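> Here is the input, now give the coordinates:
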Amino acid sequence: MACPPAAGPLEDYAALFDELFSRLAQRRGFREYLTGLLAPRDRNKTLTGLAGTEPVVGAQHAAVQRLQYFLSESTWDSVKVNDRRLELLLSDPATAPHSGGVLVIDDSGDRKDGSATAHVGRQWLGRYGKTDNGVVTVTTVWADERVYYPLHAEPYTPASHFPKGRNDSGFRTKLQIAADLVTKAQEAGVVCRAVVADCFYGDHDDLRAELRQGGWGFVMALKPSRGTWQYQAEAYTPKDAARAVGWNGPDDPGGWSRVQRVFRDGHTETWWAADLTEVVRLYGIRHWIEQSYKQVKDELGWADFQVRSATAIHRHQTLVNCAFSFCWNTWFDQPSTRDSRNAPPPGSSADDPGEGGHPTSPADTTFLLAQGPTHRPVLADPLATATALVESMVRQAPAR
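This next block holds a predicted model:
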């Protein structure tokens, strides 16, 4: 029996994952879940919201129960789904990683009430700037100045969940999780110029040592007071190094080089670097991961899940990343003529080119709607949702 197709280009994308789902219900669940995630943000991305029913009274609706089973009980493997997602990104010349980009490590927390949900604990939530009850996930993103996308994600489980606390054999720190995610990226075939992270990760010698042993270059922030900066006979801080270079003002900068940075609102700033212009460029790309959090959380419902098991949480995060990657797939691929008539594809002379020769916004599109009656609710225009989301990413690109 054929699986009911998703709308337009979403069906083309979902079909690439079909062999990973052994049952018709799983293939249908995958399409319905992505459809709900791509719906406008005025609908929350909980299971009831994904199914388009009322938050409380609709919980027993058949469509909600079907998605609940797909997320929590069904037998599909979220790791294999994520692997396929990355295979598609890495094989597409428009999104394939290259040696000029970066692999960004970071973590992000979201509030969650109660204590029965996997990974929940009282911990620092950077998004809110305070310690609170929530779930923190360590993530990796590949990025250059033109495009970015999530690679892997792993929720951190607080020590309180383990019988022996931090001494339990099953407990892993965020740093250990981060090192494992970098290894996974390497195994997936991801290449980059450097691994980039903020000072939470940069201040730890063990993580930097693992990266060095794995052959990775890295650019990581350090707290101003940090002593380990240069691996020589005498360790010194970044401030010590800056003083040693010498500075007599903009007209006599000594060993400093001028770096002109252009910000997304159009203004420019002159920064100064001591033989480290490439370091400035690489660390500037790190801010893509902050933008990615805005997209997956504010648009795609990363933190909207209302499930408790570790399996269901990980599956939800994987599906959000699939929806995110579908947006890039739609942006770069030729649009389907089944749903729209489009202007020339990205990169043609008819478009205003952005970074890397790709347009900063899609051309105007005339959509053909209501081509016949439908027997069930569908996402009327996943193409417009995807292109609008990617357009906002491109327009809010980090400083060059």
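> does the residue nearest the centre of the chain belong to a helix or a strand, and which?
The chain has residue 150 as the residue nearest its centroid, 3.3 Å off, counting by Cα atoms, centre = their mean. Element membership of residue 150 [criterion: DSSP states H and E] is strand 148-156.
> Which strands or helices does that strand pack on?
Secondary-structure packing of strand 148-156 (3 or more Cβ pairs under 8 Å, 6 or more residues apart in numbering; DSSP states H and E): helix 78-91, strand 130-143, helix 174-188, helix 288-298, helix 310-332. Where you see a C-beta, it was placed from the backbone N, CA and C, and this is true even at glycine.
> hmm, back to that, name the nearest residue to the residue nearest to the centre of the chain, sequence neighbours excluded.
residue 321 (4.8 Å; Cβ to Cβ, 6 or more residues apart in numbering).
> My guess is the one you found contacts residue 296. True?
Yes. Assessed by Cβ atoms under 8 Å, residue 321 is found in contact with residue 296 at 7.4 Å.
> For residue 191, list the residues it contacts.
Residues in contact with residue 191 (Cβ atoms under 8 Å, 6 or more residues apart in numbering) are 97-99.
> Could you export those residues as TSV, including neighbour count and distance to residue 45?
Output for the contacts of residue 191, formatted as TSV (neighbours: other Cβ atoms under 10 Å; distance: Cβ to Cβ, whole Å):
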residue	neighbour count	distance to residue 45
97	23	28
98	11	32
99	8	36
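> Pick the one among the residues you listed closest to residue 142.
Nearest to residue 142 among those: residue 97, at 5.0 Å, using Cβ to Cβ.
> how close does residue 18 sit to residue 223?
49 Å (Cβ to Cβ, to the nearest Å).
> Just the ones in strands from the contacts of residue 191, please.
Under the assignment DSSP state E, the contacts of residue 191 contribute nothing to strands.
> measure stretch 94-113 end to end?
41 Å (Cα to Cα, to the nearest Å).
> What mean pLDDT does it get?
Averaged over stretch 94-113, pLDDT sits at 92.
> what distance separates it from the middle of the whole chain?
For stretch 94-113, the separation from the chain centroid amounts to 5 Å (computed by Cα atoms, centre = their mean, to the nearest Å).
> quick one on the thing from earlier: of the helices and strands packed on strand 148-156, which approaches residue 56 most closely?
helix 310-332 (19.6 Å).
> From the contact counts, what lies against the closest one?
helix 8-15, helix 24-38, helix 62-72, helix 78-91, strand 148-156, helix 288-298, helix 382-395.
> Can you give me the buried ones in it?
312-332 (16 or more other Cβ atoms under 10 Å).
> Overlap of the contact sets of residue 321 and residue 296?
With Cβ under 8 Å, 6+ apart, residue 321 and residue 296 have common neighbours residue 150.
> What segments of the stretch 201-350 of the chain are strands?
218-220, 257-262, 268-273, 340-341 (DSSP state E, counting those that start in this stretch).
> lowest-confidence stretch among those?
strand 340-341 (a mean of 38).
> low-confidence ranges in the stretch 251-400 of the chain?
Along the stretch 251-400 of the chain, the model assigns pLDDT under 70 to residues 264, 274-277, 334-400.
> Once you drop chain neighbours, what's closest to residue 92?
residue 332 (6.9 Å).
> So which residues make contact with stretch 81-97?
16-17, 20, 142, 147, 149, 151-152, 188-192, 318-319, 321-322, 325, 328-329, 332, 358.
> at 6 Å instead, please
Contact with stretch 81-97 is made by 17, 20, 142, 147, 149, 188-191, 318, 322, 325, 328, 332, as judged by Cβ atoms under 6 Å, 6 or more residues apart in numbering.
> buried residues in that stretch?
By neighbour count on 16+ other Cβ under 10 Å, the buried set for stretch 81-97 is 81-82, 85-86, 88-90, 94-95, 97.
> of all those residues, which two lie farthest apart?
81 and 94 (21.2 Å).
> tell me the SS of residue 95?
coil (DSSP: H, G, I helix; E, B strand; the rest coil).
> what about it, distance to residue 283?
Taken as Cβ to Cβ, the span from residue 95 to residue 283 is 22 Å.
> quick revisit: what's the distance between the residue nearest to residue 92 and residue 174?
From residue 332 across to residue 174, the span is 33 Å (Cβ to Cβ).
> Okay, now the unreliable bits of the stretch 101-250 of the chain?
In the stretch 101-250 of the chain, residues with pLDDT under 70: 224-238, 241.
> got JSON lines for the helices and strands packed on helix 310-332, with distance to residue 201 too?
Shown next, in JSON lines, are the helices and strands packed on helix 310-332 (distance: least, Cβ to Cβ, whole Å):
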{"stretch": "helix 8-15", "distance to residue 201": "33"}
{"stretch": "helix 24-38", "distance to residue 201": "29"}
{"stretch": "helix 62-72", "distance to residue 201": "31"}
{"stretch": "helix 78-91", "distance to residue 201": "22"}
{"stretch": "strand 148-156", "distance to residue 201": "13"}
{"stretch": "helix 288-298", "distance to residue 201": "12"}
{"stretch": "helix 382-395", "distance to residue 201": "24"}
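> Can you say which of those is nearest to residue 111?
Here helix 288-298 is closest among these (Cβ to Cβ), at 11.7 Å.
> looking just at contacts, which helices and strands does the closest one meet?
Judged by 3 or more Cβ pairs under 6 Å, 6 or more residues apart in numbering; DSSP states H and E, helix 288-298 is in contact with strand 102-111, strand 130-143.
> And the contacts of the shortest one?
So the one you mean is strand 102-111. So strand 102-111 is in contact with 125, 132, 134-136, 138-143, 174, 178, 185, 192, 194-197, 201, 282, 285-286, 289, 293, 303, going by Cβ under 6 Å, 6+ apart.
> before we move on, the earlier item: turn the helices and strands packed on strand 148-156 into CSV, columns for distance to residue 252.
CSV is the format used below for the helices and strands packed on strand 148-156 (distance: least, Cβ to Cβ, whole Å):
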stretch, distance to residue 252
helix 78-91, 47
strand 130-143, 36
helix 174-188, 42
helix 288-298, 35
helix 310-332, 46
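> Quick check: buried residues in stretch 148-156?
Quick answer for stretch 148-156 (16+ other Cβ under 10 Å): 148-156.
> quick one: contacts of that stretch?
By Cβ under 6 Å, 6+ apart, the list of residues contacting stretch 148-156 reads 89, 119, 135-142, 174, 177, 181, 184-185, 288, 317, 321, 325.
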